[in-house]
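Asker: give me the fold of what follows.
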Amino acid sequence: MPGRGPVPKDPSKRARANKDVIPLRQVTIVPGVKPELPAFSITVSQNGMISTQEFEWPERTLLWWSAWDSHPLVDEFTAGDWEFLLTTARLHAAFWLGDLKVASEIRLREVEMLATISARQRGRLQTALAVGAEADAVSKTVKAVSARDRYGKSKPLGEFDQLED
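Answerer: Below you'll find the predicted structure:
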């Protein structure tokens, strides 16, 4: 299955700490507005007759399109990102209308837009939910009980009480 390889190793666990070859550039994001799915006509051939009809978006594609509202980076999507997703929506519709050949392209495009957990991990995104859950788990873990805690404090050698006869 094609992809981009394994998830990058945590930088704190690397043996070498080489500097990035390419310097970091900071740019200002101009968020785009999420468009509605467009209305358009398609050409249909039935019984040798060619006609045009309005395209109807499959229900699954409408749900998929509305799901993008809850994407963690939706506030950073530019107009170009929304155009990319519009094209992906058309492929998504084709898939749900029976064209299974577009499945791999949809998968690659959804990874590109960080739609999957593994894609967000590769993009080094950590959600607030995950951070909070990790902090809760650490605070709830029971401190390991040591032998000293189990048996009480012992006296140092040489300070034993004398046995009386």
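Asker: do a quick rundown of the strands in the chain.
Answerer: Taking DSSP state E to define them, one finds strands in the chain at 41-46, 49-54.
Asker: identify whichever of the ones you listed lies nearest to Leu114.
Answerer: Closest of the strands of the chain to Leu114 is strand 41-46, at 30.5 Å (criterion: Cβ to Cβ). Every residue, glycine included, has its C-beta placed from N, CA and C.
Asker: and the closest one, which strands flank it?
Answerer: Partners of strand 41-46 in the sheet, by DSSP bridges, are strand 49-54 (antiparallel).
Asker: report the distance from stretch 108-120 to the chain centre.
Answerer: 6 Å (Cα atoms, centre = their mean, to the nearest Å).
Asker: what is the neighbour count of the closest residue to Val74 other than its chain neighbours?
Answerer: Counting by Cβ to Cβ, 6 or more residues apart in numbering, Trp68 is the residue found nearest to Val74 once chain neighbours are left out, at 6.4 Å. When neighbours are counted by other Cβ atoms under 10 Å, Trp68 registers 17.
Asker: and what of the one 4 residues further on?
Answerer: When counting by other Cβ under 10 Å, one arrives at 12 neighbours for Pro72.
Asker: you'd agree it is up against Leu125?
Answerer: Yes. Using Cβ atoms under 8 Å, Pro72 is in contact with Leu125, at 6.8 Å.
Asker: mutual contacts of those two, please.
Answerer: Between them, Pro72 and Leu125 share these contacting residues under Cβ atoms under 8 Å, 6 or more residues apart in numbering: Leu114.
Asker: state the distance from Glu59 to Asp69.
Answerer: Look at Glu59 and Asp69: by Cβ to Cβ, to the nearest Å, they are 17 Å apart.
Asker: now Arg4
Answerer: Taking Cβ to Cβ, one finds Arg4 at 26 Å from Asp69.
Asker: the more surrounded of the two?
Answerer: A direct count of neighbours by other Cβ under 10 Å for Arg4 and Asp69 places Arg4 higher, at 12 against 8.
Asker: that one and Asn47, how far apart?
Answerer: For Arg4 relative to Asn47 (Cβ to Cβ), the value is 46 Å.
Asker: again with Glu56
Answerer: Taking Cβ to Cβ, one finds Glu56 at 21 Å from Asn47.
Asker: which non-adjacent residue is nearest Gly32?
Answerer: Ala79 (3.5 Å).
Asker: counting neighbours, what do you get for the one you found?
Answerer: Neighbours of Ala79 (other Cβ under 10 Å): 12.
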